[in-house]
Structure formats: structure tokens, C-alpha cells
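Peer 1: this one's structure only:
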Ligand code: ADP
Ligand code: ZN
Ligand code: ZN
């Protein structure tokens, strides 16, 4: 009987596709294997097998699978189950999930562009096909796979590309920064026949007429330590090192190999960083921590999820480390999630000390080849015991997951905004854990309202720690009323005299300062003093942000940059002024006021690369920087010792954004950034500048009164039908033409109301009504918790189908944001 496979293709299409298997591949396929399939006009995609069966589809004639790429599953059964949940819950396709889940090197398609690795040295013999492909690429460094296939005249080239990728001979184009590390290293040693001093001496004589070869041999003897007493214990010498130190060419070394004196051999090194296996024991927990640790463990007997609410620097991380150790002892794996890579450096170092090479670190700024290697290691018997990673690490394979820690669980950056799947890593982690029968620990000093609600209403367990480790005091928070000061003209730019005085004292005492301004760039916008003209992005409905360093204006939505006009295009006026202020402006002003201080800035613009983060954080930690200015990035659980003053420059800017979470978010940001002050040796000071000191929120920040904030918020949420009482789904519609979009949005809202009634609000124009040349409309669906979400989802899908079938709306884009942030 003919065999068929159902596969996921990496496209946003709703259905699985069925392909037939040619006879020779019938026994090679398993579920979870990757296969190469033709699709549409495209030559091929890498697809994933989810089912093997014997029934041909009725609707279409099947094409054949071209090739099977894996001998065993590259995607585990549990992962497929998880993908299905993500697709269902977040209203997207399995193809969307597939695209997000897998590193590029594992999903080659005809259009994938590969580039030649100039630094690659062949360590193994290449097959003829591989050699042909490399020759083609070395002539023209960058080509898409179809192009190469044509030039090489090789049918079925994907497996060849795959093997070259694995060897590191080629790269996938999309990795911009690549830290090439070879997978195997060519090394040099004396041949078997050189096993005694006499033989070596003889070869010296033999080489007297080949001085260059002799020099290489001498260098080898020197580096390897062959002359030393302990010649049994020779140092391994890499070919690269030997050639570099002797200044010789590879052909000279080959000459020595031909003479049977030295030989070249290959040693597996792997691209993944090998951590020093010297580890140190964990810190002992103090009594409070030990109690919390015990409470978490016993809570896990009853509940699968526990919220650890502990003030900043209460030592949550230490507790995580002890829990992970416990999980490893039981033969299971732990996943430690962090919201942003800004944090991974510090935590990596802490975990590395304890777990050494059992720790794997995974994040999106890693070169693709490394991500593929981690994936494969996770599939093997030799998988990591602990993975530390950002949200995408929930998609890695786990064979024995026992615990997921979601650190800083309140962070909104756990939510993926674009593209689909627009998942929240906290919710997804909870689901992932439940698929494995594992536990989830959410940790934070400032819980999200949703999580705290769940923890106080029986859904999660709750463990609280109200004191800092070693009872270090929480910082003192002083409010400065900048409205009053501005009126009296006593402000120095954006700094109150009090803040400046405190910065000065701190610098005099050789202590450090953090200044927080929740906006990057120099000025949010430029304005014509004469007519009020404000430059806007031509693709999006937003004003541009001025970046002084670049002397350019940037759209923070589409990334488009513009030159600053010399005069106002509307009225011709030449007085263009800056309105508002961002981190770059703060940096400028501070450098002017404190010319001797060493100042650094941490925001999206200064941390484009991973090393940039690390440098800024390390410099600050080592005291090379006196003042660190930053956006919310500096609020993250970073742990510094010498920060005596934290300045929050403008609390009000955080409240200006119209969103039901803005107070919650402002509290979290301020409490977190305040938590950076005064950690180890003395009480820190936070100077909180605001124009509205009378707001209850400001008082709650000063008294660190989370409970009051929570109670206020929960009341509002219940009153206005927001989470956790109602589920939110935003429906977005996009189109190039505004009028068509308007009709489509009205139509969709009407259909939705037919089935969902009052639960449907809108359509509305979102705050930014056009992005990247597409107009946007938003419909809000609020569903009470008791309602059946699956019915709602089905209904949405049905309405969308009806809408898209309408000729007028053919190029309409519809997507959903479930549990939007
Ligand atoms: P949190 O994660 O709650 O912000 P951390 O775990 O980072 O707190 O702890 C704050 C500081 O106290 C860190 O520098 C940490 O090394 C130290 N610390 C916490 N608990 C212990 C412990 N049991 N032994 C030694 N140092 C600890
Ligand atoms: Zn003007
Ligand atoms: Zn734009």
C-alpha cells in the first residue's frame, strides 16, 4: 500500500499537507523527521512530518517527498503537541509556530541564501558534491540554494547544503554577526615512527637542506613541550597555532607530513562554549530562603505552579539555583527563562559557577550554527541539565523537563509582538510544563496583576519573601515635585537641584549613579517653533525621534531614518526645536554638568550586539563607569554593589500611555529600578521626579506598597472587564487602502457581533494608525472567563474565512493578538 505523510510547511497556511512517499523513502521516515518537499511554485521547503498513514487526500493529487533529512526525529512528540497548543491558543498556524521555533539552519528552502565561510579550513574530506558546491560559492560568495543547484547541476542538493552547514563551511545569510568556531580542529603530532629521541634527531639531520620544514618541526617541538622531562604529557598543538607561530605556509607542513615526520589529525571541539568544569558549591541558603525553598517544594506537591513574590535582592536567584539542583538530582532538566538578554550575562556567570558544563545558554543573538548545535545536543543522550534562555528557548527539545523558572515573570517583553505566534512565554511555559508533567515557578518582586490574582485565588501556590538578603534595607525614596520647580525656574534642564546634589555627593564618595528615563533617543520629536510642524514617518503614522549622535531622525516603528531638515518644509522657518527628552539627551546634559564623570548609556541604540550589553554591564560592575543612564533596560534584575543613587527623571511619562496596564507597569518599572539602589553595604537613595506627587501610585512606589496597587488595579479591572476577569483578543486588520480597510473592519465587526454580541468593541484606529504603509484597524473582543474559548476561536476563524472570500477584501491581512500586552 502506498504510504503518505502529513507535514507542516513553514508558511502561514492553516492546513497540513499530504505528500506521498516514493518507495525508497518509505522506511526512512518517522514522525518528527524533516523532509524536503516541493510546494507551489517553489522548488522545495523543509517540512516536518507529523503523521504517517495510508490514505490519499481526496481534494488534491499528492506530490512526492523529495528527501528525508533526519534518521530520527528532530522534533519530539512533546514539541509537536506544544506547537499545536500555541497555534490553537494564539490563533495562528502551525507553520507560524514552526518558523519561530526552529533555527534557520534546520529549515532550509529554495530561497535560503547561503554564504561561503572564508575562514573555513577543510578538516575532513569533502564529497564530490560538497566540493562542487563550495567551488561555486567561492566564486560568488552569496547565492540562494536554487541558484547553486542550477549551477552545480546536482539534483536534490539540500542534503549537501545541510552537511556543509554542519561542518561550518557555509553560513545562512541572515546571521549578521557570526562568531565562527570550527567544529573540528586540525592538530599536529609526531608520527608513530618518531617515538624516540634518536628518530627525531635523525629527522633534524634529514631536514638540514629544508630549513623551512626544519623550522616548523622545531617550533612543534617547542610548543608541544617535547623537550621537557614529562614528554609523555605533550601539549596538543593545533595546525593553526603551529603555522602562525612558525610563520610557515600549509604546504611546508604538508611536506613534513609527506616525509612521515609530522602528521595532521582532527579533533572534535564543537562550537558550543565549553565551560570550565571546575564548579563551586552552591551558597548556603539563610533561614528565610530555606523556608521559602521548603515551602515551594511542598507547594509543588499540591499545585503545578507557584509564584515566588520576593522583594528585590531577597535572594530569589539563590533559591532558583537550589531548586535546579534538586531537579537535576531527580534526573530531570530545568529551564530558566529570562525576559531579555541584557540579564543573561550576570545570571549565566552565577549559574556557570555551580552547574559548569551542564548549563546551556540559548538566545536569539547567538549565531545560527550554535543554536542548531544546542538543538541537536538537546535531542541526544548528552543533553543539558539546565537551559538558561530567553523566551524562544521554550521551543527547544527537552527529553526530561522537570521545572521551568520564569524569572521576572511580570516583564512584558515575555510577550512576542511580531510576527506570529504572538505568544506569552509565561503562559506558554506553564503549558509546556504541563505537557511534561513538570512544575513552573514564577518569580518576581512585582508580580503581574494576573499572576498575583491567580496566586491568591487558589490557582497557583504563593510564597512570599518580604526582606532582602541579610536584611539590607530597601532604598529610601524621595519625591521631588518638578512642576513646582519648573514654575519657579529652578530646574537645570531635566534635573532638580536635589538630584544634582545627590549625584555630586555620590561621585565624591566614589559611588555610582543610575538615571532612568523611559525613552531612548535624544528628543521624542522635533517641532517648528513658527508653525508647529512635526516631522512624521512616511510609512507610519508617528512622529520621528531625533537621534543626535547620528544626526538623524528615526521611526521607531519601521526603523526608517531621515535626515534632519535645515528648515521647516511647511513654513520655511529655520527654528526647529526639540520637544521632550530621551536617554541620549540625558547623557548629553549629564556630561555637560559633570564633565569629569564617566558616563555610559544603555538602551536599544547602544546595545545592538550582545557584546555591547556585556561591555556596558561589566564596565559598570567594575566601577569603570560612574553614571549609567538607561531605559527600562536598567531596571532589570541587575545586581550591582556600589549604586548609591537612582534617579527617576520623569515618572509621569510612564503614565501618559493610554492602556489599562500603564499604572501596573509604571509601578513595576519604578520599583525595579529603585531596587538597583544600595545593595550590599548601605541603604540606597532613589530620587523620584514627578509633576504629580499627589497620585496614589507615587505614594505606593515610595512605600513599596504592592498590595495597595494590586487592590486598586484589581477593582478597576473587574469594573471595566479586563484581565484577569475577562480574556482579551485584539483583532487587527491591515490594508494598503484606507477605504477598503474601513469597509472590511465594519464588516468584520458586524459579523463578530452576530455571534459574540456585546463582547465586541470597535473597530477603532489604534494609536499608531499606519505602519509600514499599511493602514490598521483594531477590534477588541472581551470574553468572560467562563465562556468557552474554543468556541470563540472557532467563531473568529469562521468569520475570517467569510470575510476573506469576499472579492473586495482579497489582500486584507487579518491577525490576532491573544492576551495582548
Ligand atoms: P533576587 O534574585 O531576589 O534579586 P539575588 O539572588 O540576586 O536576589 O540576591 C541578591 C544578592 O545577595 C546577590 O548578590 C546574591 O549573591 C546575594 N545572596 C543572596 N542569597 C545568598 C546566600 N544564601 N548566600 C550568599 N549570598 C547570597
Ligand atoms: Zn514651520
Ligand atoms: Zn515608520
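Peer 2: That came through fine. Computed from a prediction, not measured in an experiment: that's the story for all the values here. Ligands and ions are numbered 1, 2, ... in the order given.
Peer 1: alpha carbons only for contacts and neighbour counts from here, please
Peer 2: Will do.
Peer 1: Count the neighbours of residue 594 for me.
Peer 2: Residues contacting residue 594 under the criterion other C-alpha atoms under 10 Å number 15.
Peer 1: now do residue 140
Peer 2: 12.
Peer 1: Numbering from 7 from now on, please.
Peer 2: Sounds good: first residue 7 from here, last item residue 146.
Peer 1: count of neighbours near residue 495?
Peer 2: So residue 495, with other C-alpha under 10 Å, has 11 neighbours.
Peer 1: What parts of the chain come near ligand 3?
Peer 2: 543, 545-546, 561, 564 (C-alpha under 5 Å from the ion).
Peer 1: can you redo the residues you listed as a markdown table with secondary structure, distance to residue 504 and neighbour count?
Peer 2: What follows is the residues of the chain next to ligand 3, written out as a markdown table (DSSP: H, G, I helix; E, B strand; the rest coil; distance: C-alpha to C-alpha, whole Å; neighbours: other C-alpha atoms under 10 Å):
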| residue | secondary structure | distance to residue 504 | neighbour count |
| --- | --- | --- | --- |
| 543 | coil | 38 | 24 |
| 545 | coil | 43 | 16 |
| 546 | coil | 40 | 21 |
| 561 | coil | 35 | 21 |
| 564 | coil | 39 | 13 |
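Peer 1: quick one: which of these is nearest ligand 2?
Peer 2: residue 543 (16.8 Å; C-alpha to the ion).
Peer 1: my guess is the closest one contacts residue 551, does it?
Peer 2: No. Contact between residue 543 and residue 551 fails when scored by C-alpha atoms under 8 Å: they sit 9.7 Å apart.
Peer 1: Do a quick rundown of the helices in the stretch 607-756 of the chain.
Peer 2: 616-627, 668-680, 702-708, 712-725, 744-762 (DSSP state H, counting those that start in this stretch).
Peer 1: Of those, which is nearest ligand 2?
Peer 2: Nearest of those (C-alpha to the ion): helix 744-762, 27.8 Å.
Peer 1: Who's the closest spatial neighbour of residue 358, skipping the chain neighbours?
Peer 2: residue 365 (6.6 Å; C-alpha to C-alpha, 6 or more residues apart in numbering).
Peer 1: I meant to write residue 777 there.
Peer 2: Residue 777 sits nearest to residue 546 (C-alpha to C-alpha, 6+ apart), 4.1 Å away.
Peer 1: What distance do you get for that neighbour to residue 738?
Peer 2: 16 Å (C-alpha to C-alpha, to the nearest Å).
Peer 1: what do you get for residue 427?
Peer 2: In terms of C-alpha to C-alpha, residue 427 sits 14 Å off from residue 738.
Peer 1: So the two - more neighbours on which side?
Peer 2: residue 427 (29 against 20).
Peer 1: quick one: buried residues of the helix or strand hosting residue 49?
Peer 2: Following DSSP states H and E, one finds residue 49 within strand 48-59. Residues 50-58 are the ones in strand 48-59 that count as buried (16 or more other C-alpha atoms under 10 Å).
Peer 1: Stretch 243-259 now?
Peer 2: Here stretch 243-259 shows 243-245, 248-249, 252, 258-259 as buried, counting by 16+ other C-alpha under 10 Å.
Peer 1: quick one: which two of these are the most distant?
Peer 2: 243 and 258 (16.3 Å; C-alpha to C-alpha).
Peer 1: Tell me, please, where in the stretch 107-256 of the chain the pLDDT is lower than the cut-off.
Peer 2: When residues are selected by pLDDT under 70, those of the stretch 107-256 of the chain lie in 129, 179-189, 235-238.
Peer 1: Residue numbers of the stretch 7-156 of the chain in contact with ligand 2?
Peer 2: Counting by C-alpha under 5 Å from the ion, the stretch 7-156 of the chain has no residue next to ligand 2.
Peer 1: Which part of the stretch 7-156 of the chain gets nearest to ligand 1, residue-wise?
Peer 2: residue 107 (28.5 Å; C-alpha to the nearest ligand atom).
Peer 1: so who does that residue touch?
Peer 2: 398, 401-402 (C-alpha atoms under 8 Å, 6 or more residues apart in numbering).
Peer 1: From those residues, pick the one nearest residue 340.
Peer 2: residue 402 (12.1 Å).
Peer 1: Look at the nearest residue to the closest one once chain neighbours are set aside and say how many residues are nearby.
Peer 2: Nearest residue to residue 402 in three dimensions, chain neighbours excluded: residue 381, at 6.2 Å (C-alpha to C-alpha, 6+ apart). By other C-alpha under 10 Å, the residues close to residue 381 number 23.
Peer 1: Pull up the gap between residue 381 and ligand 3, please.
Peer 2: According to C-alpha to the ion, to the nearest Å, residue 381 stands 36 Å off from ligand 3.
Peer 1: quick one: which helix or strand includes that residue?
Peer 2: Going by DSSP H and E, residue 381 is in helix 374-385.
Peer 1: I would like the residues contacting that helix, please.
Peer 2: Contacts for helix 374-385 (C-alpha under 8 Å, 6+ apart): 80, 109-112, 171-172, 174, 177-178, 181, 277-278, 366, 368-369, 389-390, 402-405.
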